[in-house]
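S.K.: dropping the sequence and predicted coords here.
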Amino acid sequence: MDETSPRGCGSLIKRPYTALCDLDAVWGVAVASAAGGAALASMILALVLLCRLRKIMQDHSRVAPLLLLLAAVIGLCGLSIAFLIERNEPLCIARRAFWGVLSSLSFACLVAQCVRLHRLARGARSPSGGALVGLAVALAVLDPEWMTLTEMPQGLEACQYKPLDLTVACTYVLVLLLSALVGAAYGLCRGQPQLRRSAVWLLLTCLASALLWAAWLTFFLYGSAELGLSSIWDDRAQAVVLVAQSWLLLLLHAAPEAHATLQSPLRIREATIEEGIPLPHLTVSQGVPILHSTSGTVLSIYRFDLL
């Protein structure tokens, strides 16, 4: 092993990438492993949804924003790795460019989910998957515009900024998160049990994300200075926040939504039918297929959860 390389990195990995493999500073390895695990889980979940797309007997409006959210989670995981690498000007520019867009895209997908739930709760038809994806992308595209309006003081390098300036740039992301939080809370009061179940998971995701961002901003604005930590710790904290946010989105929203999406066509309730009943004529009313026998008896044989 090269003597200039930290333990665990070997001779191939040099600075500025040594934090990804340095066993003497195991936090970097742990964060990189957690980010890789979240990205891998998101890719597997996305592939499962794509493979089962033809068998999902429901509106694909539920699947499209979910796939977009999984793509955003993968992006957040990759961005967390960028915060483990030592600073340089191109890297800091990339951090600033993708950090706001990916965070906004993640929360915009939650806002799109709120729109879908509200439409269904009112008895209206859900917007198409393309419309929901377009809404999420449009909301995410507004973040660079906000970043431009709140541009940090001229003459400073991309790696040099004041904590308050970055906090102001976070405002748009926090507005999206607050909108999703309010929408999820409102969704709990309306709709069918299946809709309220989705709203509960959405509300938990937003609450956990809000607590995470509040903790990070408090540390970024006050904690780091009070503890006398260097600016490197700001990057480390941001890497941890991005990984934690990725897992929150994956476990509290993407996984439950994907499970409900994949299971809904399979959750079929069979009724006991006496022998001798002729072959039924099947009709559908409000998502519940009804069996009409020749004797005029109405028997429910299947129930599909279309939500």
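M.R.: That came in fine, so what should we check first?

S.K.: which stretches of this structure form helices?
M.R.: Using DSSP state H, the helices found in the chain span residues 26-51, 63-82, 89-121, 129-149, 163-169, 171-187, 193-218, 224-227, 232-249, 255-263.

S.K.: of all those, which one is nearest residue 20?
M.R.: Comparison of these against residue 20 by CB to CB identifies helix 26-51 as nearest, at 5.0 Å. Backbone N, C-alpha and C define where each C-beta goes, glycine included.

S.K.: okay, the helices of the chain in a markdown table with mean neighbour count and distance to residue 14 next?
M.R.: Listed next are the helices of the chain as a markdown table, based on neighbours: other CB atoms under 10 Å; distance: least, CB to CB, whole Å:
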| stretch | mean neighbour count | distance to residue 14 |
| --- | --- | --- |
| helix 26-51 | 17 | 15 |
| helix 63-82 | 23 | 16 |
| helix 89-121 | 21 | 15 |
| helix 129-149 | 17 | 32 |
| helix 163-169 | 15 | 29 |
| helix 171-187 | 19 | 34 |
| helix 193-218 | 18 | 30 |
| helix 224-227 | 12 | 28 |
| helix 232-249 | 21 | 18 |
| helix 255-263 | 17 | 38 |
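
S.K.: which segments of this protein make up each domain?
M.R.: The chain breaks down into these domains under automatic domain parsing: 18-263, 269-307.

S.K.: just send the helices of the chain back as CSV, with mean pLDDT too.
M.R.: As requested, the helices of the chain are arranged in CSV below (pLDDT from 0 to 100):
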stretch, mean pLDDT
helix 26-51, 92
helix 63-82, 94
helix 89-121, 88
helix 129-149, 83
helix 163-169, 72
helix 171-187, 91
helix 193-218, 91
helix 224-227, 70
helix 232-249, 89
helix 255-263, 87
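
S.K.: mind giving me CSV with the ones you listed and columns for distance to residue 18?
M.R.: Below are those laid out as CSV (distance: least, CB to CB, whole Å):
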stretch, distance to residue 18
helix 26-51, 8
helix 63-82, 13
helix 89-121, 15
helix 129-149, 31
helix 163-169, 26
helix 171-187, 31
helix 193-218, 25
helix 224-227, 23
helix 232-249, 13
helix 255-263, 33
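
S.K.: please name whichever of those helices is nearest to residue 9.
M.R.: Set against residue 9 and scored by CB to CB, those come closest in helix 26-51, at 10.0 Å.

S.K.: how big is the angle separating the closest one from helix 232-249?
M.R.: 30 degrees (axes from the mean of the first three to the mean of the last three CA atoms, to 10 degrees).

S.K.: quick one: contacts for the residue with the shortest distance to the centre of the chain?
M.R.: With distances taken as CA atoms, centre = their mean, residue 249 lies nearest the centre of the chain, 3.8 Å away. Going by CB atoms under 8 Å, 6 or more residues apart in numbering, residue 249 touches 69, 72-73, 76, 106, 205, 209.
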